[in-house]
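J.: could you look at this predicted model? Sequence included:
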Amino acid sequence: MSLSPAPDHMIATSNLILQLAGQVPAGFKAIPDVDVDLELELVE
């Protein structure tokens, strides 16, 4: 099973991209990116 953000977060991201797409300067694109924080602790 792969990790993915909650559906509500994905819907919010999609809505934001749709709103921003028309405001991005020519030659640029709004590209959504999702990072999943596994909350792993660094053990040295």
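T.: Right, received. Where do you want to start?

J.: okay, CA-based contacts and neighbour counts for the rest of this
T.: Will do.

J.: show the pLDDT at the residue with the largest distance to the centre of the chain.
T.: Distance from the C-alpha centroid of the chain, by Cα atoms, centre = their mean, peaks at residue 44 (30.3 Å). The model reports residue 44 with a pLDDT of 77.

J.: with residue 37 instead?
T.: We have a pLDDT of 78 for residue 37.

J.: and it, how many neighbours?
T.: 9 (other Cα atoms under 10 Å).

J.: still on that earlier bit, against residue 37, how distant is the residue farthest from the centre of the chain?
T.: Noted for residue 44: a distance of 19 Å to residue 37, by Cα to Cα, to the nearest Å.

J.: one more: residue 15?
T.: Where residue 37 is concerned, residue 15 sits at a distance of 22 Å (Cα to Cα).

J.: same question for residue 12.
T.: Taking Cα to Cα, one finds residue 12 at 18 Å from residue 37.
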